[in-house]
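**Q** Provided below are the primary sequence and the corresponding predicted coordinates.
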Amino acid sequence: MPPTISPKRRPREAPSRAPAPLLTCRGLLEARSPVTVGTPLISTRFPDIPLFRTGKVRDVYLADGDLVIVATDRISAFDYVLGSGIPDKGRILSQLSAYWFHELADLVPNHLRSTDVADFPAGFQRHTAELRGRSMLVRRTTPVPIECVARGYLSGSGWKEYRQHGTVCGIALPAGLRESERLPEPIFTPATKADTGHDENISADEAAVLVGDRTVARLRELTLALYERAARHAERAGLILADTKFEFGWTGRPGESDLILIDEALTPDSSRYWPRPSYAPGGPQPSFDKQYVRDYLDEIKWNRQPPVPALPDEVIARTREKYLEAFRLLTGRELQ
């Protein structure tokens, strides 16, 4: 039988607190003038620095035993990287992730070493103009081969499964829930990682086959603790964190060493944020992510096959503004 969750009284919200202090590292978090909108950075190639891998959004370089992650302005939808970039998107993802790594460091260590290009190994400094504001020097780990998803609201693929089976990733939920409704308590729903294509939801038992029962239990504990902290913070900022995914890595031998938070954290690419004032369960909610992009692609009836379309200026501008608005609300800062 699938596990069942029962309604549970939510804890009283913590009192508001002053904005978090700036990180001590230089780089992203130095006081600079806000950036101006320019040409999107679609890709990076540094012939003098070995490329480790390229993802849908990030280019990753080897850095003397560590890694340098560069967030480009690429945007993907329906598992394809589109023909247009979103100016400053990579800066938003990097600076927001750095903010959250700092905010959550007391719950779990993370892989961030520095956001200041001056701290990167020799060779990166000659590319400072491209790297500043959108790159991180991070500790190299062995990534855990599952995505760790926390859901506090019923939406997306979880809503689709619930309508068919009354479950989300095998977890039985109370009957009669509406789309976008708040769950009785947040749930942990792992997924497989996919370098190409779409991640697939799996049960905790299936995740245990991949990484072991002990690791899954620890991942569940960390994921839910991170989600609940971030959700409270988002609510104070006027946002609802409906769901999010985290990635973790082993610092040594898999299963025998500590887990740390890696990749990105609580960005509009990895999370579903809704405006709290207009929240109304019973249907889809407006969101701070790729909504305008997906709506446009549906409007032009793209068949989700190559060739990938380019985006009109209005869709690019509105998407950038939603990402930027989420950044400002969550951090209380301007993009640097």
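**A** That came through fine. Residues are numbered from 1 along each chain as shown.

**Q** Pull the residues that contact the lowest-mean-pLDDT helix or strand in the chain.
**A** Sorted by mean pLDDT, DSSP states H and E, the helices and strands of the chain end with helix 291-299, the least confident at a mean of 91. For helix 291-299, the external contacting residues (CB atoms under 8 Å, 6 or more residues apart in numbering) are 75, 77, 78, 82, 304, 309, 311, 312, 315, 318, 319, 322. C-beta here means a position set from N, CA and C on the backbone, and glycine is covered the same way.

**Q** Going toward the C-terminus from it, what's the next helix or strand?
**A** helix 313-331 (DSSP states H and E).

**Q** List the buried residues of that next one.
**A** Under the neighbour-count criterion of 16 or more other CB atoms under 10 Å, helix 313-331 has 315-316, 318-320, 322-324, 326-327, 329-331 buried.

**Q** Let me see the mean pLDDT of it.
**A** On average, the pLDDT along helix 313-331 is 96.

**Q** Need the residue closest to the centroid of the protein.
**A** Centroid check for the chain by CA atoms, centre = their mean gives residue 270 as the closest residue, at 2.6 Å.

**Q** And that residue, its phi and psi?
**A** When quoted as degrees, to the nearest 10, the phi and psi of residue 270 stand at phi -110, psi 0.

**Q** just residue 148 next, same as before
**A** Dihedral pair for residue 148: phi -110, psi 100, per degrees, to the nearest 10.

**Q** What is the burial count for it?
**A** Residue 148: 25 surrounding residues under other CB atoms under 10 Å.

**Q** what does the one 5 residues further on give?
**A** Neighbour count for residue 153, taken as other CB under 10 Å: 24.

**Q** From what I see, it and residue 181 are in contact.
**A** Yes. With contacts counted by CB atoms under 8 Å, residue 153 reaches residue 181, the gap being 6.6 Å.

**Q** so what's residue 304 closest to, chain neighbours aside?
**A** Excluding the flanking residues, the one nearest residue 304 by CB to CB, 6 or more residues apart in numbering is residue 78, at 4.6 Å.

**Q** How many neighbouring residues does that neighbour have?
**A** Counted with other CB under 10 Å, the neighbours of residue 78 add up to 16.

**Q** contacting residues for it?
**A** 294, 297, 302, 304.

**Q** Tell me the one among the residues you listed nearest to residue 335.
**A** Relative to residue 335, the closest of the contacts of residue 78 is residue 294; by CB to CB it sits at 23.5 Å.

**Q** now that closest one: how far from residue 202?
**A** 24 Å (CB to CB, to the nearest Å).

**Q** Which neighbouring elements make contact with the strand or helix carrying residue 244?
**A** Secondary-structure assignment from DSSP H and E places residue 244 in strand 239-250. Helices and strands touching strand 239-250, by 3 or more CB pairs under 8 Å, 6 or more residues apart in numbering; DSSP states H and E, are strand 142-143, strand 146-153, helix 213-236, strand 259-262, strand 271-275, helix 313-331.

**Q** So for residue 121, which of these sits nearest?
**A** Taking the helices and strands packed on strand 239-250 one by one with CB to CB, strand 259-262 is closest: 19.1 Å.

**Q** follow-up on the earlier one: could you export the helices and strands packed on strand 239-250 as a markdown table, including distance to residue 112?
**A** Shown next, in a markdown table, are those (distance: least, CB to CB, whole Å):
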| stretch | distance to residue 112 |
| --- | --- |
| strand 142-143 | 15 |
| strand 146-153 | 18 |
| helix 213-236 | 15 |
| strand 259-262 | 9 |
| strand 271-275 | 18 |
| helix 313-331 | 15 |
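
**Q** Of these, which is nearest residue 39?
**A** That would be, of the helices and strands packed on strand 239-250 and by CB to CB, helix 313-331, which comes in at 11.4 Å.

**Q** Give me the angle between that closest one and helix 213-236.
**A** Per axes from the mean of the first three to the mean of the last three CA atoms, to 10 degrees, the angle that helix 313-331 makes with helix 213-236 is 100 degrees.

**Q** can you pull the alpha-carbon coordinates of helix 313-331 into PDB?
**A** The C-alpha trace of helix 313-331 is given here as PDB (Å, rounded to 0.1, in the frame of the first residue of the first chain):
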ATOM      1  CA  ASP A 313      10.800  40.700 -28.300                       C
ATOM      2  CA  GLU A 314       7.600  41.100 -26.100                       C
ATOM      3  CA  VAL A 315       7.800  37.500 -24.800                       C
ATOM      4  CA  ILE A 316      11.600  37.900 -24.100                       C
ATOM      5  CA  ALA A 317      11.000  41.200 -22.200                       C
ATOM      6  CA  ARG A 318       8.100  39.900 -20.200                       C
ATOM      7  CA  THR A 319       9.900  36.700 -19.300                       C
ATOM      8  CA  ARG A 320      13.000  38.600 -18.200                       C
ATOM      9  CA  GLU A 321      10.800  40.900 -16.000                       C
ATOM     10  CA  LYS A 322       9.100  38.000 -14.200                       C
ATOM     11  CA  TYR A 323      12.500  36.400 -13.400                       C
ATOM     12  CA  LEU A 324      13.800  39.800 -12.200                       C
ATOM     13  CA  GLU A 325      10.700  40.500 -10.100                       C
ATOM     14  CA  ALA A 326      11.100  37.100  -8.300                       C
ATOM     15  CA  PHE A 327      14.800  38.000  -7.600                       C
ATOM     16  CA  ARG A 328      13.900  41.400  -6.200                       C
ATOM     17  CA  LEU A 329      11.100  40.100  -4.000                       C
ATOM     18  CA  LEU A 330      13.100  37.200  -2.600                       C
ATOM     19  CA  THR A 331      16.400  39.000  -2.000                       C
END
